[in-house]
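In: mind folding the following:
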Amino acid sequence: MRRRLIARWQGIVLALVGIVATVWLALTDQLGLYINPASSWFAILMAIIGAVFVVAAFAWPPLDDEHASESDVSTPTPTPTPTPTPHARARVRGTRPEPAHEHAPSAPPGRIRTAQTAFIIVGATVALLVLPPATLTSAVASQRSINSEASAIDRDGAALVGGDTSSFTVKDWAVLLRQNPDVDTYTGTPVDVSGFVLASTEDSENVFYITRFVVTHCAIDAQPVGVPVYLPGWEEEYDADQWVEASGALTANPAGSATDPLVLVPDELDRIEEPSDPYVF
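Out: Here you go, the predicted structure:
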């Protein structure tokens with residue numbers, strides 16, 4: 001019965017921690033760091049439904065525990081027959097008693113389960129309620145192909161070609177540049193974007209990406225997109241994950257890269273604070 005009780009309350013407490021975290025993130029406008037804002041209403045609705053079940057769990061005790069208690073009262077416990085000790089058996093046989101084997105004491109299973117439960121609950125509480133919410137970084141982006149052709153960013157890509165670029169976001173520019181536009185047509189086109197610094201895997205000494213994550217549903221499916229910036233020796237002044245805002249113009253990549261035939265050569269490149277809405281959707 002104790003094992004069922006521990007498992008029951010572990011689930012209730014973990015559910016309560018998740019509900020409180022979801023509501024708190026929603027009230028502080030930080031839920032968008034983990035899910036697409038278009039799905040926020042669904043997460044909040046699920047949190048409310050979960051809260052109803054948690055209240056119900058507090059109000060009504062489980063039936064299994066009541067049945068277990070009744071069976072414990074109605075059914076007497078048989079008295080175990082004592083097992084003869086080695087000394088007693090030796091006296092009966094008239095032989096020398098066998099030496100008793102000592103075993104190292106072990107922790108009761110109940111205490112181990114209780115400790116595991118406490119560790120899980122404390123870990124979840126610290127992760128969801130104590131540590132401040134954090135955005136995805138270049139460490140995550142480096143594990144996922146930037147401007148990947150398998151990404152959903154290719155949707156509506158053709159519609160951007162020949163469009164008004166004055167209001168383009170990082171995502172728009174990444175989609176457009178993935179269409180392999182004519183270099184001569186877009187050379188000299190002004191670009192103004194902001195994002196965090198991510199080193200190029202092909203030419204890290206001269207090129208980095210001004211990057212953002214595109215979130216379709218939640219942070220798990222986030223896809224990094226970025227605009228390649230040509231700035232030899234950039235690592236001497238800027239660090240990975242540093243948020244920057246760049247303005248300049250597109251030009252043919254001096255390195256002749258087939259991956260990034262067009263790059264942004266910045267006229268201005270300023271450090272900025274991470275915005276409250278770091279993702280694009």
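In: which intervals of this structure have sub-threshold pLDDT?
Out: 1-8, 61-110, 113-114, 117, 121, 124-132, 149-163 (pLDDT under 70).
In: what do you get if the cut-off is 50, keeping everything else the same?
Out: 65-74, 90, 150 (pLDDT under 50).
In: all helices for it, in order.
Out: Taking DSSP state H to define them, one finds helices in the chain at 2-27, 40-59, 63-74, 86-93, 109-125, 138-141, 157-160, 170-178, 183-186.
In: tell me what the longest one is packed against?
Out: Meaning helix 2-27. On a contact count with 3 or more Cβ pairs under 8 Å, 6 or more residues apart in numbering; DSSP states H and E, helix 2-27 meets helix 40-59, helix 63-74, helix 109-125. Yep, even glycine has a C-beta here, placed from its N, CA and C like the rest.
In: how many residues are close by residue 194?
Out: Neighbours of residue 194 under the rule other Cβ atoms under 10 Å: 18.
In: next one: the one 3 residues further on
Out: Residue 197: 22 surrounding residues under other Cβ under 10 Å.
In: that one bridge partners, please.
Out: Beta-bridge partners of residue 197, counted by DSSP bridges, are residue 210.
In: and the closest residue to residue 40 other than its chain neighbours, what is it in contact with?
Out: Closest residue to residue 40 apart from its sequence neighbours, by Cβ to Cβ, 6 or more residues apart in numbering: residue 31 at 5.3 Å. Applying Cβ atoms under 8 Å, 6 or more residues apart in numbering to residue 31 gives the contacts 22, 25, 37, 40, 43, 44.
In: and residue 254, what does it touch?
Out: Residue 254 neighbours (Cβ under 8 Å, 6+ apart): 206, 230, 263.
In: show me those residues that map onto strands.
Out: Assigned to strands by DSSP state E, the following of the contacts of residue 254 qualify: 230, 263.
In: so which of the contacts of residue 254 is the closest to residue 217?
Out: residue 263 (31.3 Å; Cβ to Cβ).
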